[in-house]
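# what follows is a predicted structure for the sequence shown.
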There are 2 protein chains.
Amino acid sequence: MKKNPKPSSKRNENRACAEHHHDPKPSIERAARILKDAGLKSTKPRSALLEAMTRFHAPFSTEELFRAVKASDLDLVTVYRSLATFSDLGIVSRVDLGDGVVRYELRSPDGSHHHHFVCQECQKVEPLDSCEIKAQENRLRELGYSQLSHRLEFFGICPDCREHSRADARTR
Amino acid sequence: MKKNPKPSSKRNENRACAEHHHDPKPSIERAARILKDAGLKSTKPRSALLEAMTRFHAPFSTEELFRAVKASDLDLVTVYRSLATFSDLGIVSRVDLGDGVVRYELRSPDGSHHHHFVCQECQKVEPLDSCEIKAQENRLRELGYSQLSHRLEFFGICPDCREHSRADARTR
DNA sequence: AGAATATTGCAAACTGTTTGCAATGACATC
DNA sequence: GATGTCATTGCAAACAGTTTGCAATATTCT
Ligand SMILES: [Mn+2]
Ligand SMILES: [Mn+2]
Ligand SMILES: [Zn+2]
Ligand SMILES: [Zn+2]
C-alpha cells in the first residue's frame, strides 16, 4: 500500500507488514473534527499531543507521548486525560502488549484495525497487515454473543534478532 | 454483580465452550512433580495455593487466590512469588484480560491452550474451545519469525446478558 | 541432628494511573 | 471586544497492583 522510504536493502525484507505510518495532516484534521463534533474544545495541549502522535511509528505509552511533547510543557496528567478522551472518541485505540503499560496508536481514518508482533529480544513492535479472526467472531455471533471485539498480539523473535543470534553462535 | 442460578435447561446452551474445570488430583500431582524435578521445595503455602487453584473455574488474580486461601494465613507477597514460580515452571499460565490485573489459570496437563471471551456486562469469563491462529503463526514462521506465541481474547456481551437487556427493553 | 539452601513474612519501595479541587482557557453570546 | 459559562488544565495527593530487601524460618540432604 505504501512504499518504503528505504531502498529495499536486506533491512526490510521479511517484514510482517510495512505499515505503521500516518500522514500527519489528514490524521490531525480528522481528530480536530471529531473533537469539535463532540462539542469538545480545541486546546493547545490537545493540539500538541495530536501533532506529536503522528510522529510515532509504533504504539506509544502515555509517558512516551508526554516526553515527545515535553517542550510545550504540559502536565503528565493532561496526557492521561487527553488519551482517555481520544480513546473514547475513537481517535486513538488502546494497544495492550502485556507488560503493565497501556499504549495507544492513532487510528487509521479508514477504520481498519491490525494486530502486532512484539520481538521479545529487541522489543520492536511491528504491525501485521491483516486481521484473520472474523471467522471466529462470526461463529460466536451465531451463538448469541454480540458487540464483539478482540485483542490479539503475537510474540517471538524477529528475523533480525534471529539472524544475529545465529551469527553469534557461529563465531563463538 | 452476583450471578443468579438459572434453570439448567437454558444454562449451558449457547456456550462458547463448557470447559474450564480441572480434576484436582492430577493437576496437583503434576505440579508437585514439576516442582520437585526443578529442585524446589514442597511447602505448606505452595500446597495450599495449588489446592485452592483447582477450585477456580475461571482465571483468577493474585488477590483472588490470596483470599481463596486466606484460612491458612500466608502473605500476599508469597502468593505473588508462588505464582511467578508456577508460571515459570509452566504450572499456570498468565491470562491478560486487559484491565490492569494479571490473572492466571492452572494449565491443563495435555499442554493445550485456549482463549477467552469476556462479557463486558457481567464480567463472566468463558473459555473458547479452539485456537484458530496456527495458520497465521505459520505464515510468520515462514517469514523468519520464531519462538512464536500469542495472546488473544474476545470481548462483548454474552448471550445471557443480551437476553436480559432485551427483556428489560420490552418491559420498559 | 546439623548444615546447606530455599522459602517466607513483614515493611517499604515502586510504577503506572486516577482523583479532587481551584485556577485557567475556550468559545458562544451579547 | 468584553462577558458569562462551562470544559479543561495543573498541581498535589491518593491509589492499585506489584516488586524488593532482608532477617527469620522451613525444608531437604547427609
Ligand atoms: Mn499498530
Ligand atoms: Mn481459561
Ligand atoms: Zn527483534
Ligand atoms: Zn454477560
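Structure received. Ligands and ions are numbered 1, 2, ... in the order given.

# so which elements touch the lengthiest strand in chain A?
Secondary structure assigned by DSSP state E gives strand A:146-157 as the longest strand of chain A. If you count contacts as 3 or more CB pairs under 8 Å, 6 or more residues apart in numbering or on different chains; DSSP states H and E, strand A:146-157 packs onto strand A:116-119, helix A:134-142, helix B:134-142, strand B:146-157. C-beta here means a position set from N, CA and C on the backbone, and glycine is covered the same way.

# and the angle for the following helix or strand past the longest one with strand A:146-157?
Okay, so that is strand B:146-157. Using DSSP states H and E, the next helix or strand after strand B:146-157 towards the C-terminus is helix B:159-171. Angle, helix B:159-171 to strand A:146-157, by axes from the mean of the first three to the mean of the last three CA atoms, to 10 degrees: 150 degrees.

# list the buried residues in helix B:159-171.
B:159-162 (16 or more other CB atoms under 10 Å in any protein chain shown).

# just the helices and strands packed on strand A:146-157: most buried one?
Ranked by mean neighbour count, these are led by strand A:116-119 with a mean of 22 (mean count of other CB atoms under 10 Å in any protein chain shown).

# ok so, going back, give the rounded mean pLDDT of the longest strand of chain A.
Averaged across strand A:146-157, pLDDT comes to 95.

# CA atoms of that strand as PDB?
The C-alpha atoms that make up strand A:146-157 are tabulated as PDB, following Å, rounded to 0.1, in the frame of the first residue of the first chain:
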ATOM      1  CA  SER A 146     -22.800  -9.700  20.500                       C
ATOM      2  CA  GLN A 147     -20.900  -6.400  20.300                       C
ATOM      3  CA  LEU A 148     -17.800  -8.400  19.700                       C
ATOM      4  CA  SER A 149     -14.300  -7.100  19.700                       C
ATOM      5  CA  HIS A 150     -11.000  -8.800  20.300                       C
ATOM      6  CA  ARG A 151      -7.400  -8.200  21.200                       C
ATOM      7  CA  LEU A 152      -4.600 -10.200  19.600                       C
ATOM      8  CA  GLU A 153      -0.900  -9.900  19.700                       C
ATOM      9  CA  PHE A 154       2.000 -12.200  18.700                       C
ATOM     10  CA  PHE A 155       5.300 -12.600  20.500                       C
ATOM     11  CA  GLY A 156       8.500 -14.100  19.500                       C
ATOM     12  CA  ILE A 157      11.900 -13.400  17.900                       C
END
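
# each with direction, which strands does it pair with?
Paired neighbours of strand A:146-157 in the sheet (DSSP bridges): strand A:116-119 (parallel), strand B:146-157 (antiparallel).

# how about that strand, does it get close to DNA strand C?
No - judged by CB under 7 Å from any atom of the strand, strand A:146-157 makes no contact with DNA strand C; its nearest approach is 14.9 Å.

# list the contacts of that strand.
Residues outside strand A:146-157 that contact it (CB atoms under 8 Å, 6 or more residues apart in numbering or on different chains) are A:96-98, A:115-121, A:128, A:131, A:133, A:137, A:140-141, A:165, B:98, B:120, B:133, B:136-137, B:140, B:145-157, B:162.

# how's chain A carved up into domains?
A:21-107, A:114-172 (automatic domain parsing).

# tell me the pLDDT at A:N12?
Taking A:N12 on its own, its pLDDT is 53.

# where along chain A do the helices fall?
A:24-37, A:44-53, A:62-68, A:76-88, A:134-142, A:159-171 (DSSP state H).
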